[in-house]
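# The following block contains a protein sequence and its predicted model.
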Number of protein chains: 2
Amino acid sequence: MALEILGERPCFGGVQGSYRVASQECATPMRFSVFRPPQAQTRRVPVVYFLAGLECTEETFMIKAGAQRVAAELGLMLVSPDTSPREARIPGDDESWDFGIGAGFYVDATQAPWSANYRMYSFVTKELPRVIGANFQADVERQAIMGHSMGGHGALVCALRNPGEYRSVSAFAPIVAPSQVPWGEKAFSKFFGADRAAWASFDATALAKGSGFAGEILIDQGLGDKFLRTQLQPEKFVAACDGTRIAPRLREHEGYDHSYWFIQTFISDHLRCHAARLATER
Amino acid sequence: MALEILGERPCFGGVQGSYRVASQECATPMRFSVFRPPQAQTRRVPVVYFLAGLECTEETFMIKAGAQRVAAELGLMLVSPDTSPREARIPGDDESWDFGIGAGFYVDATQAPWSANYRMYSFVTKELPRVIGANFQADVERQAIMGHSMGGHGALVCALRNPGEYRSVSAFAPIVAPSQVPWGEKAFSKFFGADRAAWASFDATALAKGSGFAGEILIDQGLGDKFLRTQLQPEKFVAACDGTRIAPRLREHEGYDHSYWFIQTFISDHLRCHAARLATER
């Protein structure tokens, strides 16, 4: 698991870096970016993972979200992985913008040919935290996870399936019920095949009832988001949390769309929520 | 001067927009981007222009600098034009990354074929402010200008030549003496011909002595910037201001490079300086 440093630059008194690792889970090199806050020069700091959406890379969040300023203030390490394998090519992986390259959906595929490399769930929840813990001043006992759109769903699934690993989770304009919307149906039918029972283990709305995750989940959603009614439908997740210890806090924002202009407007609120939960003893 | 709206999105309670105008000065369409802070919904607000560097577009600053948050707090409109004409093609305009398209240098070229379209100085100082004043809630009596690298130089020249138009100017890693460095020599020899006397009217270091500009000019420079010694040399401008009413405040930052990671780290300081000068009565 040797880490290849692709570039490191000072930023807000910390370091903004790009890296590549030979992923065991994905059986191909995977890229990710890390912002180390200045506090990491002297102590291990909590980590917030950000999972980006369709078509994005490991750079998108770091360039467009304006998150480093607040992370430097709060002493949070930010980690954003790429959205899919890229170097292991599979026939059809670049035929559509919403499936395959740039669209890994943070699941462990079970169907050939995708199952060989599309293991983003295990990469994000198991391998990447080990890489981060081994190479950076990260306190891997204090992790949070967040994401946008496809990555917002990824964050929900990672946290709901691993409540012991993530103290906090939030999302921007997440897909919440992939089994019930076109983006999810397209991806899951290829990654998992036709058996919809298999889809449920990677569907946040299906997972809510049985999850041990407890606490608030901040979800920001723009009401000018063109994907809101067709692909996102956050109210499905809110309804599924009814009667659980999950407390979704859905904030709806008039006019805001699906872009990083929306994310940068509210990123500070998310990081402050995570910092508060990461600061408490368990 | 009809304004074409290419896109407008909510951001920090204001609006992030992209526009195109049929420029008279450049005799070709020119693009620019505007961030309108929430305060512009109810009153005319001061304007800060940002001139970007080589290879950038009207989007680069808006996407990468993280400036909107502070601009929204301070009630500043941000305007960033493209770095050159693009739609009027001239033979050789895309042969190098540091001349022509993406590299207009914010001058009024006098030599054919460039003189027909490469009039970025007049576009930025005359035409664009008229467009902004006519189409947005901008207080064009309260303008500041800033920029990065080639655009840092452009900002200095615009302010030094028009002290009555710009109350405040600042720069990130600016070229300061184009007549004396390779980037400038290459561009100016094409835009102005071999007569170096003509170059002086668009050279910030040459302009300092005769300028009526008075007051502090904040200049941030990374000491890890690979262009510092060959192309930038800010000390030349500082020396040229000696004995004038210009007070350059050169801040040198250990390790920081020439990127927007550097700019976003210090953008807040610049906007706060501009806001303070724009708030005062003349």
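The structure has been received and is ready for your questions. Residues are numbered from 1 along each chain as shown, chains lettered A, B, ... in the order given.
# what does chain A have sitting close to chain B?
A:9-13, A:16, A:63-64, A:66, A:68-69, A:222, A:224, A:253, A:255-257, A:259-262, A:264-265, A:268 (CB under 8 Å from any CB of the partner chain). Yep, even glycine has a C-beta here, placed from its N, CA and C like the rest.
# Out of the residues you listed, list just those in strands.
A:9, A:10, A:11, A:16, A:222, A:253 (DSSP state E).
# wait, the fourth one sits on residue A:62?
Yes. Assessed by CB atoms under 8 Å, residue A:16 is found in contact with residue A:62 at 6.4 Å.
# what touches both of the two?
A:33, A:35, A:68 (CB atoms under 8 Å, 6 or more residues apart in numbering or on different chains).
# can I get these in a markdown table with distance to residue A:135 and pLDDT?
Below are the shared contacts of residue A:16 and residue A:62 laid out as a markdown table (distance: CB to CB, whole Å; pLDDT from 0 to 100):
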| residue | distance to residue A:135 | pLDDT |
| --- | --- | --- |
| A:33 | 13 | 98 |
| A:35 | 14 | 98 |
| A:68 | 19 | 98 |
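# Out of those residues, which sit inside helices?
Of the shared contacts of residue A:16 and residue A:62, the ones assigned to helices by DSSP state H are residue A:68.
# got the shared contacts of residue A:16 and residue A:62 as TSV, with neighbour count columns?
TSV is the format used below for the shared contacts of residue A:16 and residue A:62 (neighbours: other CB atoms under 10 Å in any protein chain shown):
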residue	neighbour count
A:33	23
A:35	25
A:68	24
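# Report the buried residues of stretch A:185-199.
A:186, A:187, A:188, A:189, A:190, A:191, A:192, A:199 (16 or more other CB atoms under 10 Å in any protein chain shown).
# Quick check: of these, which lies closest to residue A:209?
residue A:199 (15.3 Å; CB to CB).
# Return the distance of residue A:56 relative to residue B:10.
The span separating residue A:56 from residue B:10 equals 20 Å under the rule CB to CB, to the nearest Å.
# who has more neighbours, the two?
Between residue A:56 and residue B:10, residue A:56 has the larger neighbour count (other CB atoms under 10 Å in any protein chain shown), namely 23 against 20.
# Name the SS class of that one, please.
coil (DSSP: H, G, I helix; E, B strand; the rest coil).
# isn't it right next to residue A:102, touching?
Yes. The criterion here is CB under 8 Å, and residue A:56 meets it with residue A:102 at 6.8 Å.
# So which residue is smack in the middle of chain A?
Centroid check for chain A by CA atoms, centre = their mean gives residue A:51 as the closest residue, at 2.5 Å.
# If that one is in a bridge, with which residues?
residue A:147 (DSSP bridges).
# Just confirm it contacts residue A:145, I think it does.
Yes. Contact criterion CB under 8 Å: residue A:51 and residue A:145 qualify, at 7.1 Å.
# Which neighbours do these two have in common?
Contacts common to residue A:51 and residue A:145, judged by CB under 8 Å, 6+ apart, are A:155, A:158.
# tell me the contacts of residue A:232?
A:149, A:173, A:174, A:175, A:176, A:181, A:221, A:225.
# For those residues, which entry has the maximal number of neighbours?
Neighbour-wise, the contacts of residue A:232 (other CB under 10 Å) top out at residue A:175, 33 neighbours.
# and that one, helix, strand or coil?
Classified using three-state DSSP, residue A:175 is coil.
# ok, now which ones touch the nearest residue to it once chain neighbours are set aside?
Excluding the flanking residues, the one nearest residue A:175 by CB to CB, 6 or more residues apart in numbering or on different chains is residue A:153, at 4.0 Å. Listed by CB under 8 Å, 6+ apart, the contact partners of residue A:153 are A:105, A:106, A:147, A:171, A:174, A:175, A:176, A:178, A:184, A:204.
# what's downstream of the helix or strand that contains residue A:153, the next helix or strand?
According to DSSP states H and E, residue A:153 maps onto helix A:150-161. Later in the chain than helix A:150-161, the nearest helix or strand by DSSP H and E is strand A:168-172.
# possible to save the contacts of residue A:232 as TSV with pLDDT and distance to residue B:40?
TSV is the format used below for the contacts of residue A:232 (pLDDT from 0 to 100; distance: CB to CB, whole Å):
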residue	pLDDT	distance to residue B:40
A:149	98	30
A:173	98	26
A:174	98	32
A:175	98	34
A:176	98	35
A:181	97	37
A:221	98	25
A:225	98	24
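# Closest one to chain B out of these, please.
Checking these against chain B with CB to the nearest CB, the nearest one is residue A:225 at 10.9 Å.
# Now do the same contact list for that closest one.
By CB under 8 Å, 6+ apart, the contact list for residue A:225 reads A:173, A:232, A:256, A:257, A:258, A:262.
# Surely residue A:253 touches residue A:261?
No. Contact criterion CB under 8 Å: residue A:253 and residue A:261 do not qualify, at 11.3 Å.
# State the distance from the residue of chain A positioned farthest from its centre to residue A:36.
In chain A, the greatest distance from the average C-alpha position (CA atoms, centre = their mean) is reached by residue A:42, at 27.2 Å. According to CB to CB, residue A:42 stands 12 Å off from residue A:36.
# can you check residue A:163 too?
27 Å.
# State which helix of chain A is the longest.
Max-length helix for chain A by DSSP H is helix A:260-279.
# what mean pLDDT does that one have?
Computed over helix A:260-279, the mean pLDDT rounds to 97.
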